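*Asks:* Structure for this input, please:
(2 chains)
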Number of protein chains: 2
Amino acid sequence: MRERDLVGRQGFFVAEGEVVLRVLVRSPLVTAESLLLAEKRVAGLADVIAGLPDDVPVYSASQAVMDAVVGFPIHRGILALGRRVQEPSASALLASLPDEALVLALCGIANHDNMGGLFRNAAAFGADAVLLDSACCDPFYRKAIRVSVGAALIKPFARLAPGEDLLALLAAHGFEALALSPRGAQTLTETPRARRTAVLLGAEGPGLSEAVLKNAKAVRIPMADGFDSLNVAVTAGVVLHHLAFAARRED
Amino acid sequence: MRERDLVGRQGFFVAEGEVVLRVLVRSPLVTAESLLLAEKRVAGLADVIAGLPDDVPVYSASQAVMDAVVGFPIHRGILALGRRVQEPSASALLASLPDEALVLALCGIANHDNMGGLFRNAAAFGADAVLLDSACCDPFYRKAIRVSVGAALIKPFARLAPGEDLLALLAAHGFEALALSPRGAQTLTETPRARRTAVLLGAEGPGLSEAVLKNAKAVRIPMADGFDSLNVAVTAGVVLHHLAFAARRED
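*Replies:* Here you go, the predicted structure:
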């Protein structure tokens, strides 16, 4: 069974490992469709299995059979097929957020490790939601879920339609857009948080487009001379930590 | 040629890719011992090759031969054998730092991705040096260098001897030790920077030892309810950004 035959169709995804499985079964945003467990892992997951709806099948097999089914040695011995309950439009997701809200808006993030790390930080620092442009990779890809430590399964997200205007959408919902770039005119430390704030991040290398940088508030994280390079998930962590604890602007 | 037959002996290491190679040849802390390049990469590196000392051999081969020599497809087509110029003791390294200094002190970081990310952040936020306890992995492992975007080659570091007391060493050199832990008594935001500050980080999962937490100033990064999980390199980024820009304590 190849992941690509399942994922992206009708909201199915594959999750692996105990930590992620425990997040999955508690999240209101996703459902467990079936479990495939190495025999040695069944006893330790008795509470999870007991809590599943009756119609969710739980398969178990020896590690050798499981490795053969999966196609590679799956040391964790825990796989789940999951499904998103709903896939809101970006507009519907923004409309559902509280008056005071913080969102992460990602443009062209194609690396699953970075996507996972971004969701992990969004969850750790209490961002309310994540927006993805049409060039972003899937947060429900198995590795992205794993790197997110399950955050991809509990943090609401939505994907923009191809060509949909991110800045217009954010403005329509009252969000101030902060566009992170080494060329930003103001530093992060001097940037206050608006009631509704969106943090825009592009891929390492290309970064955000000129159009976005020109029409949003461009913010930079100062770096030491000669080493102007931050991982995008680290950038998100630094920005979200600042916004979570910076003095809020009165507005 | 296996990396483990070279690395860790007499300061040799293997570096790959153009970005890292360009950092290597400019760093005063390391020397290039030899280069192995795919033929197609030679022209683009003419300036690097011209700048090498005369006695540094530069080998080139077809991609196919290079893949066979390396043992796996080495798409970047650029490998260098490098060597550390000197390996200072932790005490000598601390003694060499300016009066006002910031160091990262790592305990039990065994994952090369995290090690690379930690060095990358140390460089980006201008930490002066990195200390490693004897349980940390090698920052000069090929993958750690790559993830660090070369920062491991320009940021001075030293390894403690097994059993050497990190806190005593830091105190002897006038460093205030900030020990990051979810159980820290004070938050990062309320933590000022001393003239000499050391940021102590443990591995994800076990974290820092009880002895360290008891005898250092334990600091926490508050996180959203129910998702108490930050990657260690992200943690370093958040802490170093805060210390780089927080008001300094007068002392």
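*Asks:* can you pull the contacts of the residue most central in space within chain A?
*Replies:* By CA atoms, centre = their mean, chain A has its centre lying nearest to A:F119, at 3.3 Å. Applying CB atoms under 8 Å, 6 or more residues apart in numbering or on different chains, we find A:F119 in contact with A:130, A:139, A:144, A:148, A:151-152, A:155, A:157. From N, CA and C alone the C-beta is placed, and that goes for glycine too.
*Asks:* What parts of the stretch 1-150 of chain A come near chain B?
*Replies:* Selection of the stretch 1-150 of chain A residues close to chain B by CB under 8 Å from any CB of the partner chain yields A:117, A:120-121, A:123-126, A:149.
*Asks:* I misspoke; the intended subject was the stretch 151-251 of chain A.
*Replies:* Going by CB under 8 Å from any CB, the residues of the stretch 151-251 of chain A near chain B are A:151, A:154, A:187-189, A:221-224, A:227-231, A:233-235, A:237-238, A:241-242, A:244-245.
*Asks:* Now for the residues of the stretch 1-150 of chain A next to chain B: which two are most distant?
*Replies:* Greatest spatial distance among the residues of the stretch 1-150 of chain A next to chain B (CB to CB): A:G117 and A:G126, at 16.3 Å.
*Asks:* what about these two, which has more around it?
*Replies:* Counting neighbours by other CB atoms under 10 Å in any protein chain shown for A:G117 and for A:G126 shows that A:G117 has the greater number, 28 against 17.
*Asks:* Dihedrals phi and psi, the more buried one?
*Replies:* The phi/psi pair for A:G117 (degrees, to the nearest 10) reads phi -60, psi -40.
*Asks:* I figured it hits A:V147, correct?
*Replies:* Yes - under the criterion of CB atoms under 8 Å, A:G117 makes contact with A:V147 at 5.9 Å.
*Asks:* Checking the closest residue to chain B within the stretch 151-251 of chain A next. Helix, strand or coil?
*Replies:* As assessed by CB to the nearest CB, chain B sits closest to A:A224 within the stretch 151-251 of chain A, at 3.5 Å. Secondary structure, DSSP: H, G, I helix; E, B strand; the rest coil: A:A224 is coil.
*Asks:* and what of the one 10 residues further on?
*Replies:* Under the three-state scheme (three-state DSSP), A:V234 adopts helix.
*Asks:* Which residue, neighbours along the chain excluded, lies closest to it?
*Replies:* Leaving aside its chain neighbours, A:V234 sits nearest to B:G237 (4.0 Å; criterion: CB to CB, 6 or more residues apart in numbering or on different chains).
*Asks:* surely that neighbour meets B:N121?
*Replies:* Yes - with contact defined as CB under 8 Å, B:G237 counts as touching B:N121 (4.5 Å).
*Asks:* Spit out the residues that contact those two alike.
*Replies:* With CB under 8 Å, 6+ apart, B:G237 and B:N121 have common neighbours A:230, A:234.
*Asks:* Filter the residues of the stretch 151-251 of chain A next to chain B down to just the ones in helices.
*Replies:* A:151, A:154, A:233-235, A:237-238, A:241-242, A:244-245 (DSSP state H).
*Asks:* JSON lines please, covering those and showing neighbour count and pLDDT.
*Replies:* Output for those, formatted as JSON lines (neighbours: other CB atoms under 10 Å in any protein chain shown; pLDDT from 0 to 100):
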{"residue": "A:A151", "neighbour count": "27", "pLDDT": "96"}
{"residue": "A:I154", "neighbour count": "19", "pLDDT": "95"}
{"residue": "A:A233", "neighbour count": "29", "pLDDT": "97"}
{"residue": "A:V234", "neighbour count": "27", "pLDDT": "97"}
{"residue": "A:T235", "neighbour count": "24", "pLDDT": "97"}
{"residue": "A:G237", "neighbour count": "30", "pLDDT": "97"}
{"residue": "A:V238", "neighbour count": "26", "pLDDT": "96"}
{"residue": "A:H241", "neighbour count": "27", "pLDDT": "95"}
{"residue": "A:H242", "neighbour count": "23", "pLDDT": "94"}
{"residue": "A:A244", "neighbour count": "18", "pLDDT": "91"}
{"residue": "A:F245", "neighbour count": "17", "pLDDT": "83"}
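*Asks:* What is the nearest of the residues you listed to A:Q63?
*Replies:* The closest of those to A:Q63 turns out to be A:A151 (CB to CB; 28.1 Å).
*Asks:* Let me see the contact set for the closest residue to the closest one other than its chain neighbours.
*Replies:* Nearest non-adjacent residue to A:A151, counting by CB to CB, 6+ apart: A:A123, 3.7 Å away. Taking CB under 8 Å, 6+ apart, we find A:A123 in contact with A:148, A:151, A:154-155, B:224, B:227, B:229.
*Asks:* So which of those is surrounded by the most neighbours?
*Replies:* A:S148 (29 neighbours).
*Asks:* A:G116 is in contact with that one, correct?
*Replies:* Yes - applying CB under 8 Å as the test, A:S148 and A:G116 come out as touching, 4.0 Å apart.
*Asks:* Listing partners with orientation, what would you give for the strand of greatest length in chain A?
*Replies:* For chain A, the strand with the greatest residue count under DSSP state E is strand A:30-38. Sheet pairing for strand A:30-38, assigned by DSSP bridges, gives strand A:58-61 (parallel), strand A:78-84 (antiparallel).
*Asks:* Residues contacting the longest one, please?
*Replies:* In this case it means strand A:78-84. Applying CB under 8 Å, 6+ apart, the set of residues contacting strand A:78-84 is A:6, A:10-18, A:20-21, A:24, A:29-38, A:41, A:45, A:66, A:70, A:140, A:153.
*Asks:* mind redoing it with 7 Å?
*Replies:* Under the contact criterion CB atoms under 7 Å, 6 or more residues apart in numbering or on different chains, strand A:78-84 has outside partners A:11-18, A:21, A:24, A:29-37, A:41, A:70.
*Asks:* now the residue nearest to A:A151, what's its secondary structure?
*Replies:* helix.
*Asks:* need the contact list for the residue in the stretch 51-200 of chain A positioned nearest to chain B.
*Replies:* Minimum separation of the stretch 51-200 of chain A from chain B (CB to the nearest CB) falls at A:G126, amounting to 3.5 Å. Counting by CB under 7 Å, 6+ apart, A:G126 touches A:244, B:224.
*Asks:* Try it again at 10 Å.
*Replies:* If you count contacts by CB atoms under 10 Å, 6 or more residues apart in numbering or on different chains, A:G126 has them with A:102, A:155, A:240, A:243-244, B:222-227.
*Asks:* Next: A:I49.
*Replies:* A:25, A:35, A:37, A:42-43, A:56, A:58, A:60 are the contacts of A:I49 under CB under 10 Å, 6+ apart.
*Asks:* ok, it to chain B distance?
*Replies:* 22 Å (CB to the nearest CB, to the nearest Å).
*Asks:* What average pLDDT does the helix or strand that residue falls within get?
*Replies:* Here A:I49, judged by DSSP states H and E, is contained in helix A:46-51. Rounded to a whole number, the mean pLDDT of helix A:46-51 is 96.
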